[in-house]
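Chemist: only geometry, no sequence info:
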DNA sequence: GTCTCCGTAATGCTGCTGCAATTTTTGCGG
DNA sequence: CCGCAAAAATTGCAGCAGCATTACGGAGAC
């Protein structure tokens, strides 16, 4: 669990960091909106705790900014500005919850849990071929719902093929999917991977086959 | 938009009905939990407003009941019982928000909107794998219903794995789940955690195993 | 103090992976 | 239909990257 805390009161921040870390939460802390924007670009947080009064502006202004970048982590506003109408303002600008200072850490935790129970709907890209399901994002392959673990390079080849199922994938495309610039290859390493991959897939009864298009590349399809 | 209001104060209920209807919300109102259970069976509400003190019992008890039937409509508790620890209790039993009486209708509306913005599906509160139950939000693990206490970092690793059971979890994802920027790690700390975790799980007879996908990451599955 | 957690590093080992040699397949021209 | 050359498939092998395990010591909790 990874949380971004945007809060300029150092003591409160430190106390929260300690308290939340006991609950197994990893906190990144910053005091300025500008830094927060940068941090958010770099990693994907499970939740964001946001103060309103910050050295470089009103915390709430961060919310639309965040959403516009496509981040949907839940946001809890922590602030001394706790009049009912201020709460309405915060919630309507897009906060998921609003908690007035001072507060019990226990209540913050409970509100965090409440907000985290509802997962960000992330587009799950899964490719079904034959009896096989390939998930290139999670780098996982299942056959008949049982996980199949493949060596890294074979996994890369397979997922490159699966992304373009029933279409020819150029040999050069496959090489690019498996090797980066530094590691040039000399021999028929790719062919070898294909060969071993075929064997593993057929052993597992994946219900797919890898065809070769002579001089061009390969193609994955159901058998 | 259709909402179920479970509230025994007639005047408040009537006022709410009027207020919300101006926002185009349809309210079904009942004063008893028993009736509420019946109503929920019949229609699918977008949200539920729940009082705690009700003629036939504690309102909170309705929440697990509802979830068990597979309804995931967001629930906002409206109540005069507004001590911090009472709020914690309500949220942790599964409410999505908790609003003390008296309140402004505007704030209720704002909280409703906040809650309705969130994706509909509820995350699994608890993950069952093998003989083990993992609760990533509370960070607790049980084997055959007896609590198993694990060191914090091992717990974090385990819950990151459990959230994606049967899927590969990237090494980098695991690292991010356990460490923040300040605490970079140099060595094979993660490997060591995995190793110790394996031992503890097997000692406890958890009925799961952690597989390694060479060059990619790890994967938790039943054995 | 005593205990557990946790990062580090040393050790041993597994099996991935690149290579090359050999065999098989494919497409083409005679 | 056959023969040939180029492309692809297969497989053994050796090197080594990545992983598992464990011991040790520091740090912090109680």
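Modeler: Right, received. Where do you want to start? Not measured: the values here are computed from a predicted model.
Chemist: which residue packs closest to the residue of chain A found nearest chain B, ignoring adjacent ones?
Modeler: Taking CB to the nearest CB as the measure, chain A has residue A:152 as its residue closest to chain B, at 3.5 Å. Where you see a C-beta, it was placed from the backbone N, CA and C, and this is true even at glycine. For residue A:152, the nearest residue in space outside its immediate sequence neighbours is residue B:215; the separation is 3.5 Å by CB to CB, 6 or more residues apart in numbering or on different chains.
Chemist: neighbours of the one you found, how many?
Modeler: Neighbouring residues of residue B:215 were enumerated by other CB atoms under 10 Å in any protein chain shown; the total is 12.
Chemist: do the same with residue A:7
Modeler: By other CB under 10 Å, the residues close to residue A:7 number 21.
Chemist: what about the helices in chain A?
Modeler: A:10-22, A:33-42, A:62-68, A:84-92, A:105-116, A:152-163, A:171-178, A:189-204 (DSSP state H).
Chemist: give me the distance between the residue positioned nearest the centre of chain A and DNA strand D.
Modeler: Closest residue to the average C-alpha location of chain A: residue A:44 at 6.3 Å, with CA atoms, centre = their mean. Going from residue A:44 to DNA strand D by CB to the nearest atom of the strand, to the nearest Å gives 22 Å.
Chemist: wait, what's in contact with that residue?
Modeler: Residues touching residue A:44, when contacts are defined by CB atoms under 8 Å, 6 or more residues apart in numbering or on different chains, comprise A:2, A:71, A:73.
Chemist: could those go into TSV alongside distance to DNA strand D?
Modeler: Output for those, formatted as TSV (distance: CB to the nearest atom of the strand, whole Å):
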residue	distance to DNA strand D
A:2	21
A:71	29
A:73	28
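Chemist: quick check: ChimeraX command selecting the buried ones in these.
Modeler: Buried residues within these, by 16 or more other CB atoms under 10 Å in any protein chain shown, are selected in ChimeraX with:
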select /A:2,73
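Chemist: and which of the contacts of residue A:44 is nearest to residue B:138?
Modeler: For residue B:138, the nearest member of those is residue A:2. The distance, counting by CB to CB, is 17.1 Å.
Chemist: ok, for that closest one, nearest residue in space, not its chain neighbours?
Modeler: With CB to CB, 6+ apart as the measure, residue A:26 is the residue that lies nearest to residue A:2, at 4.8 Å, once sequence neighbours are left out.
Chemist: who are the contact partners of residue A:144?
Modeler: Residue A:144 touches A:131, A:205, counting by CB under 8 Å, 6+ apart.
Chemist: next, format the helices of chain A as CSV and append mean pLDDT.
Modeler: CSV is the format used below for those (pLDDT from 0 to 100):
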stretch, mean pLDDT
helix A:10-22, 83
helix A:33-42, 88
helix A:62-68, 87
helix A:84-92, 90
helix A:105-116, 89
helix A:152-163, 89
helix A:171-178, 83
helix A:189-204, 92
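Chemist: next, count neighbours for the residue nearest to residue A:2.
Modeler: By the measure other CB under 10 Å, the count of residues near residue A:26 is 21.
Chemist: same check on residue A:105?
Modeler: A count of neighbours around residue A:105, defined by other CB under 10 Å, yields 14.
Chemist: for it, list the residues it contacts.
Modeler: Contacts of residue A:105 were listed using CB under 8 Å, 6+ apart, and they are A:16, A:19-20.
Chemist: before we move on, back to that, distance check, the residue nearest to residue A:152 against DNA strand C.
Modeler: Taking CB to the nearest atom of the strand as the criterion, residue B:215 is separated from DNA strand C by 5 Å.
Chemist: surely that residue touches residue A:149?
Modeler: No. With contact defined as CB atoms under 8 Å, residue B:215 does not count as touching residue A:149 (11.0 Å).
Chemist: domains in chain A, by residue range?
Modeler: As recorded under automatic domain parsing, the domains making up chain A are A:2-116, A:127-222.
Chemist: please name the nearest non-neighbouring residue to the closest residue to DNA strand C within chain A.
Modeler: Proximity of chain A to DNA strand C (CB to the nearest atom of the strand) peaks at residue A:151, 2.9 Å away. Using CB to CB, 6+ apart and skipping residues adjacent in sequence, the residue nearest residue A:151 is residue B:214, 6.1 Å away.
Chemist: okay, now residue A:152: neighbour count?
Modeler: Other residues near residue A:152 come to 14 when the count uses other CB under 10 Å.
Chemist: got the contact list for it?
Modeler: Contacts for residue A:152 were tallied using CB under 8 Å, 6+ apart; they are B:213-216.
Chemist: gap between it and residue B:176?
Modeler: Distance, residue A:152 to residue B:176, using CB to CB, to the nearest Å: 19 Å.
Chemist: likewise for residue A:71?
Modeler: From residue A:71 across to residue B:176, the span is 15 Å (CB to CB).
Chemist: on that earlier part again, what's the burial count for the residue of chain A closest to DNA strand C?
Modeler: Neighbours of residue A:151 under the rule other CB under 10 Å: 16.
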